[in-house]
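Q: sequence first, predicted model second:
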Amino acid sequence: MNLLQKLLLNTEKNIRGFRRRLRSIYYSNILKSMGKDCQICDHVLIYGHENISLGKHVHVNEGVILQSCVGSSITIGDCVILSYGAYVLTGGIQLAPDIIWDKHLSSPVTIEDYAWIGARSIILPGVTIGKGAVVAAGSVVTQNVKPGSLIAGVPAKVKKH
């Protein structure tokens, strides 16, 4: 590697680190709360930021969407990983014969300490992911997950406890 390549590589690393620090400062000021050493990557969408709390050492990968509707919240514990493209949603439309299209339902989502949410997983309203639980990639979580469980599928089912 020549000198110019080394210089460019170091410059890119410094710019990436600077952008990460800027995001950290920004989100620590707009979220309800944010613990130390959180990392929020590029291309993360956060709606309802005033109702979202992140614990310490949380890692939010690229493409994640955190959507907190009015009247609900997202609470994420310490040492949680949200993998690429995961969605955490607190609201939606009730599917029933008497649908009221302009009325949205909302319910809080809690992800407890040390949980790992796999890539492209979807966490639906009203769900609690227990401490140390693992949600496999591509899962759709419709019910609470017990601590230490491994769940997978659409809808997600317990694979190991």
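A: Structure's in. What do you need?
Q: where along the protein do the helices fall?
A: 3-30 (DSSP state H).
Q: pLDDT weak spots in it?
A: Scanning the chain for pLDDT under 70 picks out 8, 94-103.
Q: number of nearby residues for the residue lying closest to Ser139 once chain neighbours are set aside?
A: Closest residue in space to Ser139, ignoring its immediate chain neighbours: Ala156 at 4.1 Å, by C-beta to C-beta, 6 or more residues apart in numbering. To be clear about C-beta, it is placed using only N, CA and C from the backbone, and glycine gets the same treatment. Other residues near Ala156 number 24, with proximity taken as other C-beta atoms under 10 Å.
Q: can we start the residue count at 14 from this point?
A: Let's use 14 as the start, then, which means that last one is Ala169.
Q: gap between Ala169 and Lys49?
A: Plainly put, Ala169 is 31 Å away from Lys49 if you go by C-beta to C-beta, to the nearest Å.
Q: one more: Ser152?
A: Ser152 is 29 Å from Lys49, where distance means C-beta to C-beta.
Q: so for these two, which sits in the more crowded spot?
A: Ser152 (25 against 11).
Q: quick check, that one in contact with Val171.
A: No - assessed by C-beta atoms under 8 Å, Ser152 is found out of contact with Val171, at 11.1 Å.
Q: any common contacting residues for those two?
A: Common contacts of Ser152 and Val171 (C-beta atoms under 8 Å, 6 or more residues apart in numbering): Ile164.
Q: before we move on, back to that, the residue nearest to Ser152 against Val153, yeah?
A: Yes - contact status for Ala169 versus Val153: in contact at 6.0 Å, counting by C-beta under 8 Å.
Q: please consider this matter closed, and thank you.
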